[in-house]
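Visitor: Kindly return the folded structure for what I paste below:
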Amino acid sequence: MPNLTDPVILSRPGTAHAVVVGGGTMGTDVAVVLTRALCRTTVIEPDAGRAAALPQRVRDNLATIGREQGAERLAVAAMLDDVDWSTVDLVIECIPERLDLKQALFADLVRRARADAVLASNSSSFPISAIGEGLETRARMLGLHFFMPAHLVPLVEVVMGEGSDEACADALIAFMRRCAMVPVKVRKDLPGFLANRLQHALSREAFNLIDRGIASPEDVDAAVRFGFGFRFLAAGPVLQRDHAGIDVHAAAGATMYPSFCNDDHPARCLSERAADGRHGMKRGEGFYQWTPETIAAERARYDRLLRAGLELIAPELPEIQP
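Guide: Numbers count the residues shown, from 1 in each chain. Sure thing, here's the model as predicted:
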């Protein structure tokens, strides 16, 4: 049997068996990522109605990305007891964001899974160090953070905790690349990891500008989407500095940085909406007004643009290597 640090164990999706624990929206999309690379995938979903609908949801999402194969590699099970754990190489946890539930699950997985199986969490809230606290074999525990919708957004973060083995992280990165994802290694599981920290740094300034009456929500969105955000499809903030000139950026930063928002709490416009129930689409109002019809139209527009963007960057993405 391969050692834990042997990258061969996760380098070929077509010969691996992955278990996704949780068949909600994220778990389903993660299953799409795996099955499109012909990885044998078992989703654990105890809710009978959700479990029954899951295969069709996977087939539909595979169809949206032009994959005719993969759905036949999917199985759905109601309980962990239904899995032959001797065959499992990778586990990806996609259960609700409660630390106690995740800790209990990982404690159970340590007992069930082979010693060389990789145990990963898709949590966006809790570091893998906290989820695996006190458990043996923490070397094989990693964060594996996808972004919704996981089968359309190529990025996935491979997050190392305090005890994570770097060779194990590298093996998971190689595996994800073979699944046509763009994995990035996050060497310390800080709150928010990498991408969400960058996103929230932008959001803090954006909502502060709204609070101060400097710009409306609509104009903030337009500034990002049709300005510098539009360029991010071609180059990230580091590469863009080389395009524009590092000296120019340093001079601009020296002028602007002292006036940036540095609050350690969410902006008033966010806190008020969080408190009074204006939570966005699910409540019919956030910064915008929503009806069932406008929600459906917005989600269709959003997915259409994501798919179009995916086509544009397709030549730069890894190829599926089962």
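Visitor: For residue 67, which non-adjacent residue is closest in space?
Guide: residue 36 (4.7 Å; Cβ to Cβ, 6 or more residues apart in numbering). The way it works is simple: take the backbone N, C-alpha and C, and place the C-beta from them, glycine included.
Visitor: hang on, the one you found packs against residue 68?
Guide: No. Between residue 36 and residue 68 there is no contact under Cβ atoms under 8 Å: 10.1 Å.
Visitor: Tell me who's in contact with the residue nearest to residue 67.
Guide: 62, 65, 67, 69, 70, 151, 179, 180, 320 (Cβ atoms under 8 Å, 6 or more residues apart in numbering).
Visitor: again, only using 10 Å
Guide: Shown in contact with residue 36 (Cβ atoms under 10 Å, 6 or more residues apart in numbering): 13, 58, 61-62, 65-67, 69-71, 73, 151, 179-180, 320, 322.
Visitor: Most neighbours among those residues, please name it.
Guide: The most crowded member of those is residue 13, carrying 28 neighbours; neighbours defined as other Cβ atoms under 10 Å.
Visitor: I'd guessed it sits against residue 35; true?
Guide: Yes. Using Cβ atoms under 10 Å, residue 13 is in contact with residue 35, at 9.0 Å.
Visitor: list residues touching both of those two?
Guide: Shared contacts of residue 13 and residue 35, defined by Cβ under 10 Å, 6+ apart, comprise 41, 73, 179.
Visitor: between those, which is nearest residue 284?
Guide: The nearest member of those to residue 284, counting by Cβ to Cβ, is residue 41 at 35.7 Å.
Visitor: Give me the residues contacting the lengthiest helix in the chain.
Guide: In terms of residue count, the longest helix belonging to the chain (DSSP state H) is helix 292-313. Identification of contacts with helix 292-313 by Cβ under 10 Å, 6+ apart yields 64-66, 149, 151-154, 182, 225, 233-234, 280-282, 284, 288, 290-291, 317.
Visitor: Just the ones of those residues in strands?
Guide: Taking DSSP state E as the definition of strands, the contacts of helix 292-313 contribute residue 182.
Visitor: Just the buried ones from the contacts of helix 292-313?
Guide: For the contacts of helix 292-313, a burial check counting by 16 or more other Cβ atoms under 10 Å picks out 149, 151, 152, 153, 154, 284.
Visitor: So which residues of this protein form strands?
Guide: 17-21, 40-44, 74-77, 90-93, 118-121, 141-146, 155-160, 182-186.
Visitor: isn't residue 104 right up against residue 80?
Guide: No. If you go by Cβ under 10 Å, residue 104 and residue 80 don't touch, sitting 11.5 Å apart.
Visitor: For the two, indicate the residue with more neighbours.
Guide: More neighbours surround residue 80 than the other of residue 104 and residue 80, with 17 against 12 (other Cβ under 10 Å).
Visitor: how about that one, what does it touch?
Guide: Contacts of residue 80 by Cβ under 10 Å, 6+ apart are 19, 21, 44, 46, 91, 105, 108, 109, 112, 113.
Visitor: where's it relative to residue 48, distance?
Guide: Residue 80 is 16 Å from residue 48, where distance means Cβ to Cβ, to the nearest Å.
Visitor: Residue 215: what's its closest spatial neighbour, skipping adjacent residues?
Guide: In space, residue 215 is closest to residue 209, 4.9 Å off (Cβ to Cβ, 6+ apart).
Visitor: That neighbour: neighbouring residues, count only.
Guide: Per other Cβ under 10 Å, the neighbour tally for residue 209 reads 19.
Visitor: same deal with the one 5 residues further on?
Guide: By the criterion of other Cβ under 10 Å, residue 214 has 10 neighbours.
Visitor: In helices, which of the contacts of residue 36 fall?
Guide: Within those, membership in helices is found for 58, 61, 62, as judged by DSSP H.
Visitor: Verify the contact between the second one and residue 26 for me.
Guide: Right, the one you point to is residue 61. No. Between residue 61 and residue 26 no contact is recorded; they are 12.0 Å apart, counting by Cβ under 10 Å.
Visitor: Break this structure down into its structural domains.
Guide: 8-186, 195-290 (automatic domain parsing).
Visitor: Residue 231 reaches residue 241, doesn't it?
Guide: No. Counting by Cβ under 10 Å, residue 231 stays clear of residue 241, with 11.9 Å between them.
Visitor: Just list whatever residues bridge to residue 40.
Guide: residue 17 (DSSP bridges).
Visitor: For burial, what's the neighbour tally of it?
Guide: Counted with other Cβ under 10 Å, the neighbours of residue 40 add up to 20.
Visitor: now it: how far from residue 87?
Guide: Residue 40 sits 8 Å away from residue 87, going by Cβ to Cβ.
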